[in-house]
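Novice: Quick one: sequence plus predicted model below, questions after.
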Amino acid sequence: MRLGYHTGYWSAGPPPGAQEAVLGAEQLGFDSVWTAEAYGSDALTPLAWWGSRTSRIRLGTAIAQISARTPTAAAMAALTLDHLSGGRFVLGLGASGPQVVEGWYGQPYPRPLARTREYVSIVRQVLAREAPVTFDGQFYRLPLGPEEGSGLGKALRSTVHPLRADLPIHLAAEGPKNIAMSAEIADGWLPLFYSPRMDGEYRTLLSEGFARRAPERTPVDAFEVVATVPVVIGTDVESAADSVRPFIALYAGGMGAKGANFHRAVLDRLGYTEACDEIQAHYLAGDRARATAAVPLELVQDIALVGTVDDIRAQLPAWEGTAITTMLVQADPRTLPAIAEALRPTA
């Protein structure tokens, strides 16, 4: 199981020390570094800026929202960054949620799986560069027909030859059908709130997708599972868990509308429906402190590594036995050296 570093979302501005953290992750032997976007900073610009001073570490987006740019624009960014980084870019894509897609991007959200499937197909066409890009789908049409535009649209092929026609595409997925689709059409899966005790169910869903996987895709044994995992080293488990509780409360209570929160649905499937009801009620009432306090320790320990270095080492074997190929560490960058030491393989 490799290690990656997730730089996280920006708040009001660039996160202090981010460049140093990225360079530190490379020096510590981390496999990859990943950036995110919501409705503030984008994922691609910081990755290019910080990544320009690296030489080995892979550079990924976790995630670039598909509604933020057209499929061809995403493919252009991907092939550009791949050239500039010497073949180190990984395009992580995700559908986001209806609040962001319809509220921020002004695009309809329904049928995100079908939309994602079309999106990935077009990106792959651009990267393959075998012919001018054409697509006649429900959500994307290239070129645009005369009934929708001027009628002057022309099928085009990228002027730039991609460095890698098989540049890896990873998909963020939380629901069962979406997880299976990731295994079917992508080169990797980017899960959130992965829990080792759900590993059997996740492997089953991935197997369903692999059974439908086209032979031209990367081999199944090369498929990546890059899971974001909060890691907090502290003086004890309880105080370390306090650093993760606000993150869980935000996703369970405030990321998504009531009844349409896909992040919370993952925690529901873990068995925390009652706790999530309380978290969400407090969060939507504006009481974030009570929402945070309502996050049970057991939930934190299910989806994160918290406690002393010895505590974390004791928890690690359960994670090493999962389908995860890269643990994407979400942590205070100042603790990365200690985390790298604590997460060295036990076998």
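Specialist: Perfect, thanks for sending it.

Novice: Need the CA coordinates for the longest strand along the chain. PDB is fine.
Specialist: In the chain, assigned by DSSP state E, the strand with the most residues is strand 224-233. Output of strand 224-233 as PDB, limited to C-alpha atoms (Å, rounded to 0.1, in the frame of the first residue of the first chain):
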ATOM      1  CA  GLU A 224      -5.900   1.600  -8.400                       C
ATOM      2  CA  VAL A 225      -7.900   2.300  -5.200                       C
ATOM      3  CA  VAL A 226      -6.700   5.700  -3.900                       C
ATOM      4  CA  ALA A 227      -8.600   6.300  -0.600                       C
ATOM      5  CA  THR A 228      -8.500   9.500   1.300                       C
ATOM      6  CA  VAL A 229      -7.900   8.700   5.000                       C
ATOM      7  CA  PRO A 230      -7.600  11.300   7.700                       C
ATOM      8  CA  VAL A 231      -4.500  10.600   9.800                       C
ATOM      9  CA  VAL A 232      -4.000  12.500  13.100                       C
ATOM     10  CA  ILE A 233      -1.100  11.800  15.500                       C
END
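
Novice: Distance from the chain centre to that strand, please.
Specialist: 11 Å (CA atoms, centre = their mean, to the nearest Å).

Novice: What's the first helix or strand after it?
Specialist: Heading C-terminal from strand 224-233, the first helix or strand you meet, by DSSP states H and E, is helix 237-242.

Novice: that older thread, elements contacting the longest strand of the chain?
Specialist: Applying 3 or more CB pairs under 8 Å, 6 or more residues apart in numbering; DSSP states H and E, one finds that strand 224-233 contacts strand 188-190, helix 237-242, strand 305-307, helix 309-320, strand 326-330, helix 336-342. Placement of C-beta: from N, CA and C, glycine included.

Novice: mind putting those in JSON lines, distance to Thr116 included?
Specialist: Below are those laid out as JSON lines (distance: least, CB to CB, whole Å):
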{"stretch": "strand 188-190", "distance to Thr116": "12"}
{"stretch": "helix 237-242", "distance to Thr116": "34"}
{"stretch": "strand 305-307", "distance to Thr116": "30"}
{"stretch": "helix 309-320", "distance to Thr116": "28"}
{"stretch": "strand 326-330", "distance to Thr116": "20"}
{"stretch": "helix 336-342", "distance to Thr116": "32"}
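
Novice: will you turn those into a markdown table that also has mean pLDDT, mean neighbour count and distance to Pro296?
Specialist: Shown next, in a markdown table, are these (pLDDT from 0 to 100; neighbours: other CB atoms under 10 Å; distance: least, CB to CB, whole Å):
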| stretch | mean pLDDT | mean neighbour count | distance to Pro296 |
| --- | --- | --- | --- |
| strand 188-190 | 98 | 26 | 25 |
| helix 237-242 | 97 | 17 | 9 |
| strand 305-307 | 97 | 25 | 13 |
| helix 309-320 | 95 | 16 | 17 |
| strand 326-330 | 97 | 24 | 19 |
| helix 336-342 | 95 | 17 | 24 |
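
Novice: Taking helix 309-320 as reference, get the angle to the longest strand of the chain.
Specialist: For strand 224-233 against helix 309-320, the angle by axes from the mean of the first three to the mean of the last three CA atoms, to 10 degrees is 160 degrees.

Novice: contacts for the longest helix belonging to the chain?
Specialist: Ranked by residue count, the top helix of the chain under DSSP state H comes out as helix 112-128. The contact list for helix 112-128, computed with CB atoms under 8 Å, 6 or more residues apart in numbering, reads 66, 71-72, 74-76, 78-79, 91, 93, 95, 131, 133-135, 137-140, 142, 158, 162, 164-167, 169, 171, 177-178, 181, 185-186.

Novice: Lovely, talk soon.
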